[in-house]
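Q: using only what follows, build the 3D model:
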Amino acid sequence: MNEEDRRALAASVRDACIEAALAGYEDAAISGLCGEGALEVAISAMRRVDLDAALQTAQVGAANPDEVSGPA
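A: Numbers count the residues shown, from 1 in each chain. Here you go, the predicted structure:
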C-alpha cells in the first residue's frame, strides 16, 4: 500500500467516524438526552462504524478520485 492509498484509507475511516458521531449526537439530542449523554451516544456510534464500507469507499476513491469528495 503506497502513501496515497494509506491517506485515502485514513480519510475514509475519519469521514465515516465523523458522519456517525454527528448522526448519533443529533439523534440523541432530539431524543432529549443531555449533552453528556448525547456525546456518549456519538462515541458509541463511532464504535459501530462499518469498517468494510469505509474500506470500500477508500478503494472507490483510489480508483476514481473525481467520484469521492471531501476536504483537501
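Q: when you work out contacts or count neighbours from here on, use the C-alpha atoms and nothing else.
A: OK.
Q: give me the most central residue, this protein.
A: In the chain, the residue lying closest to the centroid (Cα atoms, centre = their mean) is Ala16, at 1.2 Å.
Q: so how far is Met1 from that one?
A: Distance of Ala16 to Met1, given as Cα to Cα, to the nearest Å: 21 Å.
Q: ok now the lengthiest helix in the chain, how far from the chain's centre?
A: Using DSSP state H to assign secondary structure, the helix with the most residues in the chain is helix 3-30. Here the centre of helix 3-30 is set off from its chain's centre by 2 Å, with Cα atoms, centre = their mean, to the nearest Å.
Q: of all the residues in that helix, which ones are buried?
A: For helix 3-30, the neighbour count (16 or more other Cα atoms under 10 Å) marks 8-9, 11-13, 16-18, 20-26, 28-29 as buried.
Q: helices and strands around the helix or strand harbouring Asp52, which ones?
A: Assigned by DSSP states H and E, Asp52 falls within helix 51-63. Counting contacts by 3 or more Cα pairs under 8 Å, 6 or more residues apart in numbering; DSSP states H and E, helix 51-63 packs against helix 3-30.
Q: which neighbouring elements make contact with the helix it packs on?
A: helix 35-47, helix 51-63.
Q: any low-confidence regions in the protein?
A: The model of the chain has pLDDT under 70 over residues 61-72.
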